[in-house]
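Visitor: Sequence unavailable; structure follows:
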DNA sequence: CACCGATCCCAAAGCGCTTTGGGTTGGCGC
DNA sequence: GCGCCAACCCAAAGCGCTTTGGGATCGGTG
């Protein structure tokens, strides 16, 4: 069933039927009702391909996920982000186009997307310190929103959390408990967020005159295995840490495993703080907060990012929108005073 | 830049340019080369909206993710599945359209998708015991592939793992170690896979004349919190289990936490087996397999599912394709002989 | 009564591509 | 020289929708 046929059965023109369906005022309410009823009865829905061609709008937003060779670090994070964003897209009538591109083909992918007009805008996640995507998208004149930020963070729209403050605060929390040998298990430092987190960590140490210990700092894809191996090595090595600061709950779970194997009780023998993205399947609050954590809902971020991006698409001429979210600090059972040496 | 303009600069007709670009034989190789060069120089890519309308193919595959109110149980799983499928789609020139629908709107969503022709086929994940989606998609005559299966599993295409055998095998493994009080922490039993897993578990017990203990069986969304809470309650209750069988690594991580808090060492005081989907960020092999586990790569499943679905779309008249994958059993450090009572 | 502005509706022109159904050329066999 | 087949190329007709630019109709006004 297409518009033409539907119009024929109604003895109306395509124009009128189209207008009736799309809520234009030039059609009598009685006629509109008749059209809507017929459309529903015939199970008619306008062909989206035709509509997109005619309107010039794709009504689609692209999420381009770079698959970095060895580990898809965004993986656990991006699922919840996607769900949040997807809720908003659905509500606003946008489709979500997901592209996986192997790292390096990223530029070609964006050019392709821009040239063939399959999306109205794109979401950029996990920007790296020097990230060519932003300049490229500006050049291509494609609306985009960055989750995170990088460079001077000016001239484009982004939503980010206050990583530096979050990690400074977390570090101070540990310092206040008397910890001095604090380990940082961070995400890969090619990413802007990881750099900021380290900076927050180092700022706090420096403010208290505590020297950061290179052998207690590691960064890599935020997997459970990374947390486990790094924590194991540090705990078994010389000058083991009395506390850990981790960039993700997943890393913290690896740390917990390493501690468990060594008979160390979290919150007593060893302290752990992590950043909690509030992943749905790793809820930190069940049974009272397990980890002391800085937290910010990644799903809420996804929702808000989607809203902003849609706004950007609808009003292309507005100035950049930038939002910085503060994190909460939840005190859980994983931290305690530094045991006397 | 569009086809018309490109054709004009080349002094060729749109027809010829289109054919040259799409690899049709009616055009001289020299001409084709000239066209390709010009297209590249002008950074031309055919407008996908127009192409889709003209060809009648959407070149898009839909993944419809139901958001069940309280917990998006597929969440941790579906991300890796998506990545696997996405790789194949990208390779084959298909786009991936992701729809989040709140449970219950599912039927309307499928009807909409079918009527407006935005996808050529859909992927169905996590089928429930009685799942209306399959009959609906058959009625709508939309190609689809089910990851998992349900009902009589006939008349439609699916790819599934041998859940019954996997869980029977895992249970036997524990029985062979002398365990008799084995707990099952399963996914929600509205899902077919969870029912099959329980059946495998019960089959193994029955074959050895061991009665299943209702107070040692629980099922819910497969979160860390569920694993933690259930395991805690069982361990603190009467007749505590000596071993756990869990439907997901994530549940097992919760069990590990509960054990850790109680000073129970996995593999010695308590045994844990789980099913491992080989989630990228929860690699069980780092530092030697932590959990004894039945395993099957969810990402590989995503890849294969995508291949099958594309095959189904390209050859609609073929008989259903059905694949059953066996799982591996990896012995890790989380299991050991049942401690003497 | 002529005129005018609302109100309701329509025919037809795109949107940018693919594809049908030829047309033109040149070379070859007879 | 004629006919015929390849090899190349083209004009134009869609694909199914939106949107432009009017054309009727009708009640109210001066």
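Guide: Thanks, I have the structure now. From a predicted model like this one, the values you see are computed outputs, not experimental measurements. Numbering: from 1, shown residues only, chains lettered A, B, ... in the order given.
Visitor: Residues of chain A that sit close to DNA strand C?
Guide: Within reach of DNA strand C by Cβ under 7 Å from any atom of the strand, chain A has these residues: A:11-16, A:26-29, A:31, A:50, A:53-54, A:56. Yep, even glycine has a C-beta here, placed from its N, CA and C like the rest.
Visitor: ok, so of those residues, who is nearest chain B?
Guide: Top of the list for closeness to chain B, among the residues of chain A next to DNA strand C and by Cβ to the nearest Cβ, is residue A:53 at 4.5 Å.
Visitor: Kindly state the beta-bridge partners for residue A:67.
Guide: Counting by DSSP bridges, residue A:67 is bridged to residue A:102.
Visitor: which ones are touching it?
Guide: By Cβ atoms under 8 Å, 6 or more residues apart in numbering or on different chains, residue A:67 lies in contact with A:100-103, B:83, B:87.
Visitor: I'd like the residues you listed written out as TSV, with neighbour count, pLDDT and distance to residue A:111 added.
Guide: Formatted as TSV, these follow (neighbours: other Cβ atoms under 10 Å in any protein chain shown; pLDDT from 0 to 100; distance: Cβ to Cβ, whole Å):
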residue	neighbour count	pLDDT	distance to residue A:111
A:100	23	89	17
A:101	20	87	12
A:102	13	82	15
A:103	10	75	16
B:83	22	92	23
B:87	18	93	20
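Visitor: and DNA strand D, which of the residues of chain A next to DNA strand C reach it?
Guide: Contacts with DNA strand D within the residues of chain A next to DNA strand C, counted by Cβ under 7 Å from any atom of the strand: A:14-15, A:26, A:50, A:53-54.
Visitor: Make a markdown table out of those residues and add secondary structure.
Guide: As requested, these are exported to a markdown table (DSSP: H, G, I helix; E, B strand; the rest coil):
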| residue | secondary structure |
| --- | --- |
| A:14 | helix |
| A:15 | helix |
| A:26 | coil |
| A:50 | helix |
| A:53 | helix |
| A:54 | helix |
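Visitor: So whichever residue of the stretch 201-341 of chain A sits closest to DNA strand C versus residue A:157, what's the distance?
Guide: Nearest residue of the stretch 201-341 of chain A to DNA strand C: residue A:316, at 17.2 Å (Cβ to the nearest atom of the strand). Using Cβ to Cβ, to the nearest Å, residue A:316 is found at 11 Å from residue A:157.
Visitor: so residue A:110 is in which element?
Guide: helix A:106-116 (DSSP states H and E).
Visitor: what's whatever helix or strand comes next after that helix in contact with?
Guide: Using DSSP H and E, the next helix or strand after helix A:106-116 towards the C-terminus is strand A:121-125. Residues from elsewhere that reach strand A:121-125 (Cβ under 8 Å, 6+ apart): A:61-65, A:74, A:78, A:81, A:85, A:110, A:113, A:131, A:133-134, A:137, A:142-148, A:305-306, A:309-310, A:312-313.
Visitor: of those residues, list those near DNA strand D.
Guide: Answer for those near DNA strand D: none qualify (Cβ under 7 Å from any atom of the strand).
Visitor: which of the residues you listed come close to chain B?
Guide: Among the contacts of strand A:121-125, the residues that sit close to chain B (Cβ under 8 Å from any Cβ of the partner chain) are A:65, A:78.
Visitor: Mind checking which of the contacts of strand A:121-125 land in strands?
Guide: Of the positions in the contacts of strand A:121-125, A:61-65, A:144-147 sit in strands, assigned by DSSP state E.
Visitor: which one of these has the most neighbours?
Guide: residue A:145 (30 neighbours; other Cβ atoms under 10 Å in any protein chain shown).
Visitor: ok, that residue - contacts?
Guide: So residue A:145 contacts A:121, A:123-124, A:157-159, A:305, A:308-309, A:312, A:321 (Cβ under 8 Å, 6+ apart).
Visitor: who wins for most neighbours among these?
Guide: The most neighbours of any of those, using other Cβ under 10 Å, belong to residue A:309, which has 28 neighbours.
Visitor: Nearest residue to it in space, please, no chain neighbours.
Guide: Nearest non-adjacent residue to residue A:309, counting by Cβ to Cβ, 6 or more residues apart in numbering or on different chains: residue A:145, 4.3 Å away.
Visitor: And for residue A:248?
Guide: Nearest to residue A:248 is residue A:222, by Cβ to Cβ, 6+ apart, at 4.2 Å.
Visitor: what do you get for residue A:6?
Guide: Nearest residue to residue A:6, sequence neighbours excluded (Cβ to Cβ, 6+ apart): residue A:44, at 5.4 Å.
Visitor: Contacts only, for the one you found.
Guide: Per Cβ under 8 Å, 6+ apart, neighbours of residue A:44: A:1-2, A:6, A:38, B:115.
Visitor: quick one: secondary structure of residue A:227?
Guide: With three-state DSSP as the criterion, residue A:227 reads helix.
Visitor: circling back: just the ones in strands among the contacts of strand A:121-125: which has the poorest pLDDT?
Guide: Checked by pLDDT, the ones in strands among the contacts of strand A:121-125 have residue A:65 as the lowest-scoring entry (88).
Visitor: Next one, pLDDT for the residue nearest to residue A:248 please.
Guide: Residue A:222 is given a pLDDT of 93.
Visitor: do residue A:341 as well
Guide: 64.
Visitor: Equivalent analysis for residue A:37, please.
Guide: For residue A:37, pLDDT reads 94.
Visitor: Surely it is within a helix?
Guide: Yes - under three-state DSSP, residue A:37 sits within a helix.
Visitor: and the gap between it and chain B?
Guide: As judged by Cβ to the nearest Cβ, to the nearest Å, residue A:37 and chain B stand 16 Å apart.
Visitor: cool, and residue A:197?
Guide: The gap separating residue A:197 from chain B is 18 Å, by Cβ to the nearest Cβ.
Visitor: Tell me how many other residues crowd the residue in the stretch 101-250 of chain A that chain B sits nearest to.
Guide: Across the stretch 101-250 of chain A, no residue is closer to chain B than residue A:225, which sits at 3.0 Å (Cβ to the nearest Cβ). Neighbour count of residue A:225, defined by other Cβ under 10 Å: 23.
Visitor: Spit out the contact partners of it.
Guide: Counted by Cβ under 8 Å, 6+ apart, residue A:225 has contacts A:254, B:282-283, B:285-287.
Visitor: Apply 10 Å and report the result again.
Guide: A:71, A:250-251, A:254, A:257, B:280-287, B:290 (Cβ atoms under 10 Å, 6 or more residues apart in numbering or on different chains).
Visitor: just residue A:292 next, same as before
Guide: By Cβ under 10 Å, 6+ apart, the contact list for residue A:292 reads A:170, A:173-174, A:177, A:252, A:266-267, A:271-274, A:276, A:284, A:329-336.
Visitor: Show me the beta-bridge partners of it.
Guide: residue A:273.
Visitor: what distance separates the start and the end of stretch A:19-29?
Guide: End-to-end distance for stretch A:19-29: 11 Å, by Cα to Cα, to the nearest Å.
Visitor: got it, and stretch A:86-97?
Guide: This stretch, stretch A:86-97, spans 10 Å end to end (Cα to Cα).
Visitor: and what of stretch A:275-293?
Guide: 5 Å.
Visitor: same thing with stretch A:238-254?
Guide: Distance across stretch A:238-254, first residue to last, is 20 Å (Cα to Cα).
Visitor: chain center to it, what's the gap?
Guide: Here stretch A:238-254 is found 22 Å from its chain centre; the criterion is Cα atoms, centre = their mean, to the nearest Å.
Visitor: Now do the buried residues in that stretch.
Guide: A:240-254 (16 or more other Cβ atoms under 10 Å in any protein chain shown).
Visitor: now do stretch A:264-272
Guide: Buried residues in stretch A:264-272 (16+ other Cβ under 10 Å): A:264, A:266-267, A:270-272.
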